[in-house]
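Asks: Any chance you could fold what I've pasted below:
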Amino acid sequence: MADGPLIVQSDRTVLLEVAHPDAESARHELAIFAELERAPEHIHTYRVTRLGLWNARAAGHDAEDMLATLDRWSRFPVPPSVSIDIRETVNRYGRLVIERNDSGQLVLRSTDAAVLAEISRNKRIQPLLIGRPSPDSFLIDAWARGHIKQELLKIGWPAEDLAGYTPGTPHPIELAEDGWTLRPYQRQAVDIFSEGGSGVVVLPCGAGKTLVGAAAMADTKTTTLILVTNTVSARQWRDELLKRTSLTADEIGEYSGQMKEVKPVTIATYQILTAKRKGAYAHLALLDALDWGLIVYDEVHLLPAPVFKLTADLQARRRLGLTATLVREDGREGDVFSLIGPKRFDAPWKEIEAQGFISPAVCYEVRVDLPAGDRLEYAAAADDERYRLAATAPAKIGVVRTLVERHAGERILVIGQYLDQIDVLAEALDAPKITGATPIDEREELYQAFRVGEISLLVVSKVANFSIDLPEASVAIQVSGSFGSRQEEAQRLGRLLRPKESGNTASFYTLIARDTVDQDFAQNRQRFLAEQGYAYTILDADGVAAA
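Replies: Model prediction:
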């Protein structure tokens, strides 16, 4: 019997013994195709899912690679049923192929007659098939390219899209590698994306996803539409492109609530695309404004549901999704897979940290006791009120003050979910605050003052979760968050991971009201980071105050 760190079970769960000396090596290989479900102290539970297997297959890993990982690290023999299931599931990817015939029409092709018979009888797929030019193929309506991929994925037959892409209007773009070069993993991510033509690149926060986007633009040399989460992010993209590429200010447009510019490279917010006027999407003309050759989706894990429907019109364009985590709390990872493309490249956080490209970080969970009065109010509250009461407990304020004093001289972000709590924190700490109501220009001024050290403490809402470049932030104190959101936890830690000139290790604190739903949600929030190899040290609030 081997002495590996894994136990593979017949229900496709995989147990990882955290204390085992080979646990990190096994975790690294397992995460390619399995998803972490639970991460308590000693045994982590992963599950092998169909989508995970198909993402791994699209990234170049075959069934034998995955089974070799399980065999190499498993303490007991892998159950035969699991081996068979993995082989058969992986083998489903690519059995259906979307391509173009000599006339340029879209064709769905398979050498498996039974598969074609199955899908042709499906009530959702049947209307999308408009002809049968040969026994091994169906014609697909041009508009249905994205829709049929969604429907095929739902019934367990992911189609490999080899139909190619319209080149778009050519536009010269070069990287201006003056004093810098792409890191090896960035170059590798771009090369793999360029081979596939569409898909998602997963890199840790602070690892330079924007540079991957810029390099993909330089590779394709075409008009590009970049979709981002907010206007601050749009302007950061613009600044980075001006700095890192041959593009000039006249070639880059901003399409947001404030400006409506359409240029060869246009940066638009998701919000403007989903804005409605008189019941209709008012800005969809942007998608047809130019012959885009590349669409870049920043923070693709946040893609709003309406944009999924819009992307069906963009299937003929190259599509690049960028994210730190493909986790979606609404479970629509399958839509990212089918409409944007499969995961093409994924670099584990700890691996990039070991190479010195992101800052090391230590995570703490600080548990706060509610006073008797607050405890009684919580106990008597309705279920939908309890999380807010626990998350905004006044008892957290003193702990925040103590942590701020402990890290005097460092640049600190205090992060909250609720606006009234943010107001209280800003007043208690005598610190500036940034919320969704803060004007864009004022936000940028405060961020810049923080970057250069004019201010060392900022109280921020969830608007600072995404695409905010604050390289010298070394401490984050999370006072409240979006229930059990794993991707938010990852994004908030990500604010600290850009390498520091000081060389400091980052400190990430999460304040939790003990014995409440706040504590329950925290366990779910931490799952993604546990998968990346981060451990949470649990501290008692009284101990923090006494230290």
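Asks: ok, Gly543 - how many residues close by?
Replies: 10 (other Cβ atoms under 10 Å). All C-beta spots, glycine's among them, are computed from the backbone N, C-alpha and C.
Asks: same thing with Ala381?
Replies: 14.
Asks: which residues touch it?
Replies: Contacts for Ala381 (Cβ atoms under 8 Å, 6 or more residues apart in numbering) come out as Leu389.
Asks: repeat for Ala347
Replies: Contacts of Ala347 (Cβ under 8 Å, 6+ apart): 185, 189, 202-204, 207.
Asks: Just among those residues, which is most surrounded?
Replies: Most surrounded of the contacts of Ala347: other Cβ under 10 Å gives Ala189, at 28 neighbours.
Asks: Go through the helix or strand harbouring that residue and flag the buried ones.
Replies: In the assignment (DSSP states H and E), Ala189 maps to helix 184-196. Under the neighbour-count criterion of 16 or more other Cβ atoms under 10 Å, helix 184-196 has 185-186, 189-190, 193, 196 buried.
Asks: Flag the least confident of those.
Replies: When the buried residues of helix 184-196 are compared on pLDDT, Gly196 comes out lowest, with 81.
Asks: Name the nearest residue to it, ignoring sequence neighbours.
Replies: Arg344 (5.5 Å; Cβ to Cβ, 6 or more residues apart in numbering).
Asks: Please settle this for me: is the one you found part of a strand?
Replies: Yes: assigned with DSSP: H, G, I helix; E, B strand; the rest coil, Arg344 falls within a strand.
Asks: Can you check the distance spanned by stretch 318-327, start to finish?
Replies: Stretch 318-327 has its terminal residues 23 Å apart, counting by Cα to Cα, to the nearest Å.
Asks: for stretch 90-99, same thing?
Replies: 20 Å.
Asks: And stretch 477-493, by the same measure?
Replies: Stretch 477-493 end-to-end distance (Cα to Cα) = 10 Å.
Asks: now do stretch 399-419
Replies: First-to-last residue span, stretch 399-419, Cα to Cα: 19 Å.
Asks: List just the nearest of the contacts of Ala347 to Ile155.
Replies: Val202 (26.1 Å; Cβ to Cβ).
Asks: The closest one reaches Lys343, doesn't it?
Replies: Yes: between Val202 and Lys343 there is a contact at 6.1 Å, judged by Cβ atoms under 8 Å.
Asks: intersection of neighbour lists for the two?
Replies: Contacts common to Val202 and Lys343, judged by Cβ under 8 Å, 6+ apart, are Leu326.
Asks: Can you tell me how far His20 is from Val82?
Replies: Relative to Val82, His20 is positioned 20 Å away (criterion: Cβ to Cβ, to the nearest Å).
Asks: Comparing the two, which residue is more hemmed in?
Replies: When His20 and Val82 are compared for neighbours, Val82 comes out ahead with 20 against 17, by other Cβ under 10 Å.
Asks: circling back to that earlier point, give me the contacts around the helix holding Ala189.
Replies: With contacts defined as Cβ under 8 Å, 6+ apart, helix 184-196 is touched by 58-60, 182, 199, 201, 203, 207-208, 211-212, 215-216, 219-220, 320, 341-342, 344-345, 347, 352, 355, 357.
Asks: just stretch 105-117 next, same as before
Replies: 95-101, 119, 129, 133, 135-142, 144-145, 148, 157, 159, 163.
Asks: which stretches of the stretch 1-150 of the chain aren't confidently modelled?
Replies: Counting by pLDDT under 70, the stretch 1-150 of the chain contains low-confidence ranges at 1, 40-41.
Asks: cool, and the chain?
Replies: In the chain, residues with pLDDT under 70: 1, 40-41, 308-313, 329, 465-468, 483-484, 545-547.
Asks: Roughly how far does the residue sitting nearest the centre point of the chain sit from Leu203?
Replies: In the chain, the residue lying closest to the centroid (Cα atoms, centre = their mean) is Thr325, at 3.1 Å. Going from Thr325 to Leu203 by Cβ to Cβ gives 10 Å.
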